[in-house]
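# Let's see this in three dimensions:
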Amino acid sequence: MRNIWTICRKELRSYFTSPIAYLLLIMFALIFGYFFWNTMNIIVSMTMEAQMEGEQFPMNLNEHIVRPLLSDINVLALFFIPMITMRLFAEEKRSGTIELLTTSPVTDVQIILGKWFAALLMYAFMLLTTLLDFAFLFKFGTPAWKPFVIGYLGLLLQGGGLLAIGTFISMLTRNQIIAGAATFGICLMLWVVQGVSEFESATWAQVLSYMSIITHFESFAKGVIDTKDVIFDATVIFLGLFFTARSMESLRWRS
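Numbers count the residues shown, from 1 in each chain. Have a look, this model is predicted:
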């Protein structure tokens, strides 16, 4: 465990000793801030229109504000996760330090988990920036906090799966741009395959729909922890890291 934490700290340090981490955090915070501001404006406008017509707008903060904003974060993750993972192993290969890494007195699993944990922490830091916006909602409103916490748990689990996929892809190439583009492409595919079941009822379409990350985030966004969704995210994490380990083992044999 000590070796994993050492690698994790080294990887995190590499993020924050360059402009990468600060740029990602600022961009994520600003984009989500716009989504938050836009959502609040829509809700205020709908409330005022209802009052002008003598009606009462049925306000449910979790349903009308928290849930849509969690979905917005989910969309942002598609673009930012590839930026986090594209350098994990690709940069090691490009700079030639991958040989030193593979010959160091640590196991492949420790190296992979250390880098993945660093990427997961970086993603968690990005999620923390969104709490500044939600703080205003909790200060001036009374949303239920349990669905809010469960939604963030879902974001972390799903993010962990996509980060594991990105880690594997970064292991396959020495070009960061290729790693980032391929990770984004796969993440996008896992997003859009849900729509297949809307036009096709065959078994293969239902299987593709089940593989969609949207399908397994909906319950979290509603504040419900469904075992099948947790198992799905855990399986994606395991498979992503498992294939990364097999690829790294192959690299050891070639070297």
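# For the rest of this, base every contact and every neighbour count on C-alpha atoms.
Fine.
# before we move on, which element is the residue lying closest to A29 once chain neighbours are set aside in?
Leaving out its chain neighbours, the residue that sits closest to A29 by CA to CA, 6 or more residues apart in numbering is T129, at 5.7 Å. In the assignment (DSSP states H and E), T129 maps to helix 108-140.
# same question, L70
Here L70 is assigned to helix 67-85, by DSSP H and E.
# Can you point out the buried residues in that helix?
67-71, 73-74, 77-85 (16 or more other CA atoms under 10 Å).
# Closest to W145 out of the residues you listed?
Distance to W145, by CA to CA, is smallest for R67 among the buried residues of helix 67-85, at 11.9 Å.
# Name the nearest residue to the closest one, ignoring sequence neighbours.
Per CA to CA, 6+ apart, closest to R67 is A221, 5.5 Å.
# thinking that neighbour is in contact with L70, fair?
Yes - with contact defined as CA atoms under 8 Å, A221 counts as touching L70 (6.6 Å).
# shared neighbours, the two?
G151 (CA atoms under 8 Å, 6 or more residues apart in numbering).
# report the angle between the axes of the strand or helix carrying S45 and helix 67-85?
Remark: S45 resides in helix 19-52, with elements defined by DSSP H and E. For helix 19-52 against helix 67-85, the angle by axes from the mean of the first three to the mean of the last three CA atoms, to 10 degrees is 170 degrees.
# correct me, but the residue nearest to A29 touches L25?
Yes - when contacts are counted by CA under 8 Å, T129 is listed as touching L25 (7.3 Å).
# Please enumerate the shared neighbours of those two.
Going by CA under 8 Å, 6+ apart, no residue sits against T129 while also sitting against L25.
# Now do the helix holding L70 against helix 108-140: the angle between them, please.
Going by the same axes, to 10 degrees, helix 67-85 makes 150 degrees with helix 108-140.
# List of residues touching helix 67-85?
24, 28, 32, 35-36, 39, 119, 122-123, 151-152, 155, 159, 162-163, 166-167, 170, 179-181, 183-184, 187-188, 221-222.
# Give me the next element, helix or strand, following it.
By DSSP H and E, the next helix or strand past helix 67-85 is helix 90-95.
# Let's test this: mean pLDDT of the helix or strand just after that following helix, rounded?
Using DSSP H and E, the next helix or strand after helix 90-95 towards the C-terminus is helix 98-102. The average pLDDT within helix 98-102 is 72.
# go on, stretch 37-44?
pLDDT averaged over stretch 37-44 gives 80.
# packing partners for the host helix or strand of S170?
Secondary structure from DSSP H and E places S170 in helix 145-172. Applying 3 or more CA pairs under 8 Å, 6 or more residues apart in numbering; DSSP states H and E, one finds that helix 145-172 makes contact with helix 67-85, helix 90-95, helix 108-140, helix 176-192, helix 218-221, helix 227-254.
# Leaving out sequence neighbours, find the closest residue to R174.
Leaving out its chain neighbours, R174 is closest to A90 (CA to CA, 6+ apart), at 4.1 Å.
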